[in-house]
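# take a look and give me a structure for this.
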Amino acid sequence: MFEKVNKNMAVTKEKKQTIVEGLTENVKNQRSLVFVSIDKMKVKDLTTLRKRIREAGGKLQVAKKTLIKLVLKKEGLDVPENLQGEVALVFGLKDEASAAKSTYEFSKKNENLKILAGIFEGGLLSKENVIAIAQLPSKQELLGKLVGSIASPMSGMLNVLQGNLRGLVVVLNAISNKKQ
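Presented below is the predicted three-dimensional model:
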């Protein structure tokens, strides 16, 4: 299942072709893309990160920078200038923000994971912009706030109308009691 790879060994041409094909497929299917540095990360931490990203509807793929640049240029996307160290790509396949959110949350607990840049809607974003997107509320939270905002004036109007009716009932009761 897992191949033992010696970092000093050259990757064969066939293996590179397989990696490029996988990267190309993921780049075509992505809704967002986050570039991360995984230098000094332990294997168990990387496995945990992969699991969290998969649960969020994404995918993590480690590849050589030259292969990443080749695929991005072939797909017409900008290449970040700050790709340093061992780089991994986090693909958001389900929605735009889920991969960034899970990566950012993990990076707060593991200082070896560093967000480098991102691609959202075809545009290259800086590290700061990726983190800003990761800190946004989820789509469900935003929809809930929208519904609350729309419903708030209606419920206020209902309270005003009920208050007028209550006042009318109190006045009529007072007049009724006075006549008796």
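# quick one, helices of the chain?
Along the chain, counting by DSSP state H, helices occupy 13-29, 43-55, 65-74, 98-109, 127-134, 139-179.
# and of those, who's closest to residue 82?
Comparing the helices of the chain against residue 82 with CB to CB, the closest turns out to be helix 127-134 (7.9 Å). C-beta here means a position set from N, CA and C on the backbone, and glycine is covered the same way.
# what residues of that closest one count as buried?
Neighbour counts over helix 127-134 (16 or more other CB atoms under 10 Å) mark 127, 130, 131, 133, 134 as buried.
# what of stretch 135-155?
So stretch 135-155, judged by 16+ other CB under 10 Å, has zero buried residues.
# how far does it sit from its chain's centre?
Offset of stretch 135-155 from its chain centre (CA atoms, centre = their mean, to the nearest Å): 19 Å.
# residues contacting that stretch, please?
Residues from elsewhere that reach stretch 135-155, judged by CB atoms under 8 Å, 6 or more residues apart in numbering: 95, 97, 101, 104.
# would you put the C-alpha positions of that stretch in CSV?
Listed next in CSV are the C-alpha coordinates belonging to stretch 135-155 (Å, rounded to 0.1, in the frame of the first residue of the first chain):
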residue,chain,number,x,y,z
GLN,A,135,-11.7,32.2,9.4
LEU,A,136,-15.0,33.0,7.7
PRO,A,137,-18.1,31.4,9.1
SER,A,138,-19.4,28.3,7.3
LYS,A,139,-22.0,28.5,4.5
GLN,A,140,-24.7,27.1,6.9
GLU,A,141,-23.8,29.7,9.5
LEU,A,142,-24.0,32.5,7.0
LEU,A,143,-27.4,31.2,5.7
GLY,A,144,-28.7,31.0,9.3
LYS,A,145,-27.7,34.6,9.9
LEU,A,146,-29.3,35.7,6.7
VAL,A,147,-32.6,34.0,7.6
GLY,A,148,-32.4,35.6,11.1
SER,A,149,-31.8,39.0,9.5
ILE,A,150,-34.8,38.6,7.2
ALA,A,151,-37.0,37.3,10.0
SER,A,152,-36.1,39.9,12.5
PRO,A,153,-38.1,42.8,11.1
MET,A,154,-41.1,40.6,10.7
SER,A,155,-41.0,39.4,14.3
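# quick one: mean pLDDT for that stretch?
The pLDDT scores in stretch 135-155 average 78.
# which one of the helices of the chain is the most hemmed in?
Among these, ranked by average contacts under mean count of other CB atoms under 10 Å, first place goes to helix 98-109 (a mean of 20).
# this completes my enquiry, with thanks.
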